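In: sharing a model that was predicted from the sequence below.
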Amino acid sequence: MANDQAENKEKGKESEDMGFLGHLGELRSRIIWSLVGVIIGAIISGVYINEIMEIILLGPANDVKLGLQNLRPFGQPFLYFKVVFVVGFILAFPFILYQLWKFVKPGLYPSEKKWVSSITFFTSLCFLSGVAFAYFVMIPSMLNFAAQFGTDQIINMIDVNEYFSFITMMLLAAGLLFEMPMVTYILSRIGMLTPRFMQKYRRHAIIVILILAAVITPTPDPVTQLIFASPLFILYELSIIIARFGMKKHETSGEEKAR
């Protein structure tokens with residue numbers, strides 16, 4: 001009898017180890033596939049690198065006649081490499097989200113798998129909307145302020161690598177901040193966030209948004225900061241509505257499980 005119990009314990013331990021190793025293997029597989037997606041995106045961006053550099057990346061600076069210069073011996077080759085990688089990551093972002101969903105899918109209930117499958121699309125849409133907003137609205141306004149500010153006796157010649165870092169930071173920051181509605185829906189869908197909580201701390205959220213706008217936007221121009229903060233205010237109010245919808249879904253699924 002004691003031997004049987006010992007064998008069962010050993011088998012249970014082996015199954016737990018296999019389950020843990022299986023999760024590690026699955027995680028490694030999803031990471032590899034995500035890297036493959038980034039590489040494919042980088043290859044695509046590498047094919048069109050000249051158009052990306054001259055039209056997309058340098059376009060906002062040319063529109064406001066902001067001078068750019070290279071200050072490093074191998075500055076331009078490294079710049080091209082960074083542009084290829086960042087654009088490849090942006091192109092592969094929906095695929096990376098899909099791999100993340102595939103990793104968490106086995107641990108979800110059947111009812112949760114139905115709504116999680118659509119998150120990939122809407123999360124990608126929110127991220128790309130933030131990137132588009134930063135590129136077409138925020139960045140031109142900031143560069144216009146930078147180009148016109150100060151005296152004419154000082155020529156603005158910006159290091160192109162600093163310019164690229166600025167563009168990248170603004171694009172990724174806006175893309176991630178525009179994920180607020182989807183994050184709200186997920187948290188409310190699993191019962192971790194309620195619309196009442198968001199309404200209660202609305203004033204605190206406004207202060208946090210203004211601080212973020214002041215920190216993320218490198219210009220002291222209040223108009224530019226309001227341009228960045230205004231959509232966040234709208235997204236916060238939209239997130240409250242989304243939280244109500246997600247909370248109802250959470251309560252409905254809880255009642256179904258109780259039955």
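Out: Nice, I can see it.

In: which residues does I158 bridge with?
Out: Per DSSP bridges, the residues bridged to I158 are L68.

In: next up, the contacts around it.
Out: For I158, the contacting residues are 61, 66-69, by Cβ atoms under 8 Å, 6 or more residues apart in numbering. The way it works is simple: take the backbone N, C-alpha and C, and place the C-beta from them, glycine included.

In: report the buried members of those residues.
Out: Buried members of the contacts of I158, scored by 16 or more other Cβ atoms under 10 Å, are 61, 66, 68.

In: where do the helices of the stretch 101-250 of the chain begin and end?
Out: Counting by DSSP state H, counting those that start in this stretch, the stretch 101-250 of the chain has helices at residues 110-116, 119-133, 139-148, 160-177, 180-189, 195-200, 202-216, 222-258.

In: and the ones you listed: which comes nearest L97?
Out: The closest of these to L97 is helix 119-133. By Cβ to Cβ, the value is 4.8 Å.

In: list the buried residues in stretch 208-221.
Out: For stretch 208-221, using 16+ other Cβ under 10 Å, the buried residues are 209-210, 212-213, 216-217, 221.

In: ah, wrong one, I meant stretch 153-170
Out: 158, 160-161, 163-164, 166-168, 170.

In: of these, the lowest pLDDT goes to which?
Out: When the buried residues of stretch 153-170 are compared on pLDDT, I158 comes out lowest, with 83.

In: circling back: make a markdown table from the helices of the stretch 101-250 of the chain and add distance to I56 to it.
Out: A markdown table is the format used below for the helices of the stretch 101-250 of the chain (distance: least, Cβ to Cβ, whole Å):
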| stretch | distance to I56 |
| --- | --- |
| helix 110-116 | 33 |
| helix 119-133 | 11 |
| helix 139-148 | 11 |
| helix 160-177 | 9 |
| helix 180-189 | 26 |
| helix 195-200 | 36 |
| helix 202-216 | 21 |
| helix 222-258 | 21 |
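
In: most tightly packed of the ones you listed?
Out: Ranked by mean neighbour count, those are led by helix 180-189 with a mean of 20 (mean count of other Cβ atoms under 10 Å).

In: which outside residues touch that one?
Out: Under Cβ under 8 Å, 6+ apart, the answer for helix 180-189 is 115, 119, 122-123, 126, 193-195, 198, 232, 235-236, 238-240, 242-247, 249-250.
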